[in-house]
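Peer 1: My questions are about this predicted structure, shown below with the sequence.
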Amino acid sequence: MLEGFIRRVRDINLRASRYMRTVMPDDNLAVRTRLAVMGGCPVEELIITRNTTESLDTVIGGFHWNAGDEAVMAQQDYGAMLDMFGLQAKRHGIVNRVVSLPMDPRSDDEIVRLYESAITPKTRLLMICHMVNITGQLLPVAKVAAMAHGHGVQVMVDGAHTFGQLEFAIPDLGADYFASSLHKWLGGPLGSGILWVRRDHIPELWPTFAELGIPDTDIRRLNHTGTQPVHTILAINDALDFHESIGIARKEARLRWLQRYWTDKVRVHPRIHLNTPSDPARTGAIANVGIRGLAPAALGDALFDRYKIWTVAIDGAGVRGVRVTPHLFTSTAELDALVVALKEIAA
Ligand SMILES: Cc1ncc(COP(=O)(O)O)c(C=O)c1O
């Protein structure tokens, strides 16, 4: 992937302006088309962005908000999007209603009712994570979307951690908007992402940057960000080649297996606690672990300083622990080392 990226940087810089004005639009469409095939959606509903933040903020900032309109989200959502909704509150006077997700719900219905409890006649948009990044919890997005639509509320899915990790078709989530970053689970170049907008909503959003020559029904009107690092877009092809050579079903199976491999070994330890659902159906590759009486930052430091294991300390939204994120290349020997480290620190 990296070699492909570097080769494309050289190539694009050599071909320069002529490439940009002649070949680039077709190349861009070809990458979009491959991503749309992967997402199981029409290419007319998908654009390439820089990341999930740009994609979701395009929707949040492009919504026709009126003072008093309401939005629903969760405390465990990603901070950048919560901030973007906060900005709309300052700018347009919208009201944000924030629920807090239970770690081990008894059923999908418990999650659906939780989101429903925050909906009022003024609610216009509901944001939901497909997978919560701080805990690895998978949410029943399709059921929440069906409930929200029953109240006339549009649904925007933060799929930063699921596109390329789990097998699903974007339209099957039943939502109105979906976004992901390709530099996470697809292994794409840094600064590549997607935004999917259900066809009938494309004319409804205000673009962040104007390009008035494009028809309101064309999703590319939401995508005018000036001259792009096209080598980044082209290198998505290399990531897709690798991804397709493995296949999403095998990738998902391995990533789920890696998580259970190490979490099962510490689950019953008296001083170690998992901040990740125990039901395998509610998780994927990501899990979060804490040690009783030890601050997450101290645990993260101990893992890195003493064992050279890199994790991310999470201390907020009811979650106290470090996030552990294996990828396809993570070995069982490395996970065994993590388990030993956790047990030694806990002792
Ligand atoms: C759930 C979730 N949403 C959004 C983002 C933002 O992703 P990006 O920085 O690629 O825009 C992240 C990043 O980790 C995330 O975990």
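Peer 2: Thanks, I have the structure now.
Peer 1: Can stretch 78-94 be said to contact the ligand?
Peer 2: Yes. On the criterion C-beta under 6 Å from any ligand atom, stretch 78-94 is in touch with the ligand at 78, 80. For glycine as for every other residue, the C-beta is placed from the backbone atoms N, C-alpha and C.
Peer 1: Isn't residue 220 up against residue 47?
Peer 2: Yes. Between residue 220 and residue 47 there is a contact at 6.5 Å, judged by C-beta atoms under 8 Å.
Peer 1: how many neighbours does residue 221 have?
Peer 2: Neighbour count for residue 221, taken as other C-beta atoms under 10 Å: 21.
Peer 1: follow-up on the earlier one: and residue 220 and residue 47? Which one has more around it.
Peer 2: Using other C-beta under 10 Å as the criterion, residue 220 and residue 47 rank with residue 47 on top: 23 against 17.
Peer 1: Which residue ranges of the stretch 101-250 of the chain form strands?
Peer 2: For the stretch 101-250 of the chain, the strands defined by DSSP state E, counting those that start in this stretch occupy 123-129, 154-158, 177-181, 193-197.
Peer 1: got those as CSV, with mean pLDDT, distance to the ligand and mean neighbour count columns?
Peer 2: Putting the strands of the stretch 101-250 of the chain into CSV (pLDDT from 0 to 100; distance: least, C-beta to the nearest ligand atom, whole Å; neighbours: other C-beta atoms under 10 Å) gives the following:
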stretch, mean pLDDT, distance to the ligand, mean neighbour count
strand 123-129, 98, 5, 24
strand 154-158, 99, 5, 25
strand 177-181, 98, 3, 28
strand 193-197, 98, 6, 26
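Peer 1: near the ligand, which residues of the stretch 151-300 of the chain?
Peer 2: Near the ligand, when you scan the stretch 151-300 of the chain using C-beta under 6 Å from any ligand atom, you find 158, 160-161, 181.
Peer 1: As TSV, those residues with distance to residue 141 would be great.
Peer 2: Output for these, formatted as TSV (distance: C-beta to C-beta, whole Å):
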residue	distance to residue 141
158	10
160	13
161	12
181	17
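Peer 1: Nothing else from me, thank you.
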